[in-house]
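S.K.: Build me a model:
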Amino acid sequence: MSLDLTPEEIQALFTRSDGSYGFARWGRPIAPIVFGVQDETLTVVKGAIEAMATLAGHPMAETDPELGSNLMFFFFRDWAELLDVPDLGRLIPDLAPLVARLQAADASQYRAFRFDDTGAIQASFVFLRMQGAMAELPAETLALSQAAQVILLWGDQAFAETSPLAILPETGATILRPEIAAIIAAGYDRMMPPSANDASHALRLFARLQAPTQG
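M.R.: Down below sits the predicted model:
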């Protein structure tokens, strides 16, 4: 399978605003928890995470030995609500200034990551303000998009202009873009490192995208 991505395009997906390259994948089983939604939406979000973990060939778990849950989704209407979440300030340093910045920017989403000694993802916190366009999205679309953006550490502008999702014209179904799915699978290849700060890593991802698929 050959996908129409150049090494430069792959590199751009993991390049931060300051020009540095940064890649990381999960280093431990993912144990998710979701706050602020009804049971139906909870099932959809967890299903999207499970689908992404299956794609990556990465395990999930009921609990994390250190945090209980290491992937936390928060759904809310106003950023100020985060200030009332018990103990959240212990998980997110400088929570009050962060909330102020997100309010000032009228942001709709924010992701924070923690890393282990190898640079792999140890925990992630996803904050989604359900107002405006974000609130209009179907639950399946929102969940799949967020799961894709948290299965790897992408560059902060990776999906600013192009969604990681695509719509199948035949059925209207929303799917993960094939090239993004391929990059996720390549990033979790057991021969690849759990984290990388050198742009040559993008060439190794590119090489795996060019390899013929195994039957």
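S.K.: Below-threshold pLDDT in this structure: ranges please.
M.R.: Counting by pLDDT under 70, the chain contains low-confidence residues at 1-3, 212-215.
S.K.: Please, where are all the helices along it?
M.R.: Counting by DSSP state H, the chain has these helices, from start to end: 7-13, 39-56, 88-91, 95-104, 133-136, 139-151, 178-187, 200-210.
S.K.: okay, the angle between the top strand by length along the chain and helix 139-151?
M.R.: With secondary structure taken from DSSP state E, the chain has its longest strand at strand 121-129. Using axes from the mean of the first three to the mean of the last three CA atoms, to 10 degrees, the direction of strand 121-129 lies 140 degrees away from that of helix 139-151.
S.K.: ok, and what's touching strand 121-129?
M.R.: The set of residues external to strand 121-129 that reach it, using CB atoms under 8 Å, 6 or more residues apart in numbering, is 24-28, 64, 67, 70-79, 82, 91-92, 102, 107-116, 134, 142, 146, 150, 153. For every residue, glycine as well, the C-beta is placed using N, CA and C.
S.K.: So for that strand, what gets flagged as buried?
M.R.: Neighbour-count burial for strand 121-129, with 16 or more other CB atoms under 10 Å as criterion, is recorded at 121-129.
S.K.: any idea how far it is from the chain center?
M.R.: Strand 121-129 sits 8 Å away from the centroid of its parent chain (CA atoms, centre = their mean, to the nearest Å).
S.K.: sorry, back to before: would you mind finding the most buried of the helices of the chain?
M.R.: helix 139-151 (a mean of 21; mean count of other CB atoms under 10 Å).
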